[in-house]
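Asks: Return atomic coordinates for the entry below.
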Amino acid sequence: MTESQDYLDNAYEIHMRLKQTIQTMGAENLPVLQDFKDMETEFDREVDIKEQLF
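Replies: Purely as a prediction, here's the structure:
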C-alpha cells in the first residue's frame, strides 16, 4: 500500500507542476506544446483511475 501511495503522491506532484507550467505559459501568451496538453490529459485520466482504486 505504501508503494501505491508513493506513486500517487509523485504522480500528483508532477501533475500539479505540469498544470502550473501550462497556466504560466498561457498567462505569458506562450504557445503550449501539444505534448504538454496530451500529458496533462493522460495524468488526469491516470490519477482518476488510481483514486478510484484507493
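Asks: For the residue positioned nearest the centre of the chain, give me its contacts.
Replies: Central residue of the chain (C-alpha atoms, centre = their mean): residue 15, 2.2 Å from the mean position. Counting by C-beta atoms under 8 Å, 6 or more residues apart in numbering, residue 15 touches 40, 43, 44, 47. The way it works is simple: take the backbone N, C-alpha and C, and place the C-beta from them, glycine included.
Asks: Tell me the one among these nearest to residue 5.
Replies: Closest approach between those and residue 5, by C-beta to C-beta: residue 47, at 13.0 Å.
Asks: List of residues touching stretch 28-47?
Replies: For stretch 28-47, contacts defined as C-beta under 8 Å, 6+ apart pick out 8, 11, 12, 14, 15, 18, 19, 21, 22, 25, 26.
Asks: Could you give the average pLDDT over that stretch?
Replies: Taken as a whole, stretch 28-47 has a mean pLDDT of 91.
Asks: Only the buried subset of the contacts of residue 15, as a PyMOL command please.
Replies: The PyMOL selection below is limited to those of the contacts of residue 15 classed as buried (16 or more other C-beta atoms under 10 Å):
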select buried, resi 40+43
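Asks: need the contacts of residue 15 in a markdown table with secondary structure and distance to residue 2, can you?
Replies: Formatted as a markdown table, the entries for the contacts of residue 15 read as follows, by DSSP: H, G, I helix; E, B strand; the rest coil; distance: C-beta to C-beta, whole Å:
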| residue | secondary structure | distance to residue 2 |
| --- | --- | --- |
| 40 | helix | 27 |
| 43 | helix | 21 |
| 44 | helix | 24 |
| 47 | helix | 18 |
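Asks: Just put the contacts of residue 15 in a markdown table and tack on distance to residue 30.
Replies: Listed next are the contacts of residue 15 as a markdown table, based on distance: C-beta to C-beta, whole Å:
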| residue | distance to residue 30 |
| --- | --- |
| 40 | 15 |
| 43 | 20 |
| 44 | 21 |
| 47 | 25 |
